[in-house]
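Student: The following comprises the amino acid sequence and a computationally predicted model.
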Amino acid sequence: MYDGGPSSTPLAGLEVLGPLDPPDTLAARHPTLGPCVIQRFDGPDAPTAAEQRSLPLVRAHGRGILPGIKRTLGVMPTTSGGWCLVTSFLPGVSLDRAERSRFREAPRTLGELGIALLHILEGLHRRRIVHGRIAARHVIIGSTVGLVGLGEPGTAMPADDLRAVGALLYELATGEPHAPGAPSVFSQRPELGRALDEWLDELNRGSFEDAAEARAFLHAVTGSLPPAGELPRARIDSSTRPTFRSPSQGGSESLTPPSSEMQARIA
């Protein structure tokens, strides 16, 4: 990991505090920048320098797929000859460790989660980056919705990412893993209606050209998903969706936080 030694970047003096969830990230603190998170690329297949991956991929790591990212701070060398990405940090928890029953009790919030993940994938796929490893342990829930654990380039296709989001939403809705021939959501949870099944059917048929089409369809059906008990109706608007901003628009990609309602219902 980064040893805190001299650096030509403004990150000299970075103090490593310890591991985070997921395990390939570390908590850190900078004397002037405050809390940071470090994602290491020290494995046997890791690049030996940041230049071995494209700048869009570095930005994607910094903005789209780390927990609660505010902004990318820099790329640092590691003592093993690899490199790591340092970003500012807001805390979050991986979905496999969160109280997942709340998504079953508030199906509209489940739809909002899917919308957020698909919006992240829009930004990645536009840059020809496929996540390839979407699972509950790689979804971060906090003041933003984020993804971690990006797979190696060339190991998956964009359609694989979309199907993985569908499988994740199915599991959250039913409590059962999704597999070919799995029973419909409606057959297990008739109170949800058929809206989610309609979206899953279109997804599994390959009807969506890209993540944007999948998100638009899910957005259209989410309003028909019932709220939980006395919880207020969730807003489905731009404030609930992570959005990307290109460097030409004044910076690298960014995530906008979910609405206060969504945060309260998934915290």
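Tutor: Happy to help now that I have it.

Student: going forward, measure contacts and count neighbours with C-alpha atoms only.
Tutor: OK.

Student: Helices of the stretch 101-250 of the chain, start to end?
Tutor: 101-105, 107-126, 158-174, 185-188, 195-204, 211-222 (DSSP state H, counting those that start in this stretch).

Student: Could you tell me the angle between the longest one and helix 211-222?
Tutor: Here helix 107-126 points in a direction 170 degrees away from that of helix 211-222 (axes from the mean of the first three to the mean of the last three C-alpha atoms, to 10 degrees).

Student: per-residue confidence averaged over helix 107-126?
Tutor: Helix 107-126 shows a mean pLDDT of 88.

Student: same deal with the third one?
Tutor: Helix 158-174 shows an average pLDDT of 95 in the prediction.

Student: quick one, domains of the protein?
Tutor: Domains of the chain are assigned by automatic domain parsing as 15-90, 93-266.

Student: Pick out the shakiest of those domains, pLDDT-wise.
Tutor: domain 15-90 - the lowest mean pLDDT of the domains of the chain, at a mean of 63.

Student: tell me the most buried of the helices of the stretch 101-250 of the chain?
Tutor: Most buried of the helices of the stretch 101-250 of the chain by mean neighbour count (mean count of other C-alpha atoms under 10 Å) is helix 107-126; its value is a mean of 24.

Student: angle of that one against helix 158-174?
Tutor: Calculated by the same axes, to 10 degrees, helix 107-126 forms an angle of 170 degrees with helix 158-174.

Student: and the angle for helix 107-126 with helix 195-204?
Tutor: Going by the same axes, to 10 degrees, helix 107-126 makes 20 degrees with helix 195-204.

Student: What number of residues are in the vicinity of residue 157?
Tutor: 15 (other C-alpha atoms under 10 Å).
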